[in-house]
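S.K.: just the structure for this:
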Amino acid sequence: MNPGTVLTVHSYKGGTGKSVISTNLAAILSREGSNVCLIDLDLRAPSLDKVFGADGRKFWVNDFLAGKCKPGDIIFDVSKVAKSEGRLFVVLANPSMGAIRESITKDRKGEMTALRRLLTLNEHLLEKMAMDYIILDTNPGMSYASINSVAAADLVLVVATWDASDLAGAQGMVNELYNMLEKRAIVLMNKIPEQLLIDKAMRGRLTDQFKKAFKLPVIDLLPCYCEVLRQERSTIMAIERPKHPFSRSLVEVAKRIKGK
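M.R.: Model (predicted):
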């Protein structure tokens, strides 16, 4: 994966750990010296404001996508929070119920405008701010908004779980959407029962099974770290607990993403 790349983190269903993974990957990449911008595009269930705080925000990504402000109005430097060698920026989504309702009722014309604005924002970040990585944390499923995020990506990271309906939906999403858009994609399996990952041979068979199902590279299988789920939303595990197995696993995931 070359510098100046847009990575969209996507899932079929909510609750896969997509936003936690997006946030920690952004922190890890910036800690290792890359310039990263993390954008909350899950407009129907925004969460990054809980991680980075939203005090003093006058404009949100919603406003930019609607043409109401400039890029500089919504991009905030949080490098100190991430304790990073590189620079880490965030663009937050409006968590108010009014903004969420508006995002749900946006028509196709509004979403086409949003796609053009998103591409403009990416261009600003890559060309004027020299970002190495833009990470788009999009909403799950196949809405217009998530399709925009996939269309704007150079690489898509699909986060899927052991749940049968999630697996089937994610596979269908890959076949119907990603192939149509000719997008490069990789899969990260999350919340796999830990007992299935203890034996290396079993882990290998599972990896091959998921590769065959998705017809895509599977970069890792992560167990369900219950303590990660219990953490406060404001906790970035890779920063607060870098030696935790979850953090170490995502360091390896980041390395594999860099190689794509």
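S.K.: give me the pLDDT value at residue 175.
M.R.: Per-residue pLDDT puts residue 175 at 92.
S.K.: again, but for residue 2
M.R.: 51.
S.K.: do the one 4 residues further on as well
M.R.: For residue 6, the model assigns a pLDDT of 98.
S.K.: and it, how far from residue 72?
M.R.: Applying C-beta to C-beta, to the nearest Å, the value for residue 6 to residue 72 is 19 Å. C-beta: built from backbone N, CA, C; applies to glycine.
S.K.: among those two, which residue is more densely surrounded?
M.R.: More neighbours surround residue 6 than the other of residue 6 and residue 72, with 22 against 10 (other C-beta atoms under 10 Å).
S.K.: residues contacting the more buried one?
M.R.: If you count contacts by C-beta atoms under 8 Å, 6 or more residues apart in numbering, residue 6 has them with 122, 126, 133, 134, 136, 152, 153, 154, 155.
S.K.: so it, which of the three states?
M.R.: Secondary structure state of residue 6, per DSSP: H, G, I helix; E, B strand; the rest coil, is strand.
S.K.: beta partners of it?
M.R.: Beta bridges link residue 6 to residue 134, judged by DSSP bridges.
S.K.: okay, buried residues for stretch 196-214 please.
M.R.: Under the neighbour-count criterion of 16 or more other C-beta atoms under 10 Å, stretch 196-214 has 197, 206, 207, 210, 213, 214 buried.
S.K.: could I get the average pLDDT for it?
M.R.: 94.
S.K.: contacts for it, please.
M.R.: By C-beta under 8 Å, 6+ apart, the list of residues contacting stretch 196-214 from outside reads 158, 160, 167, 170-171, 174, 187, 189, 192, 217-218, 221, 223.
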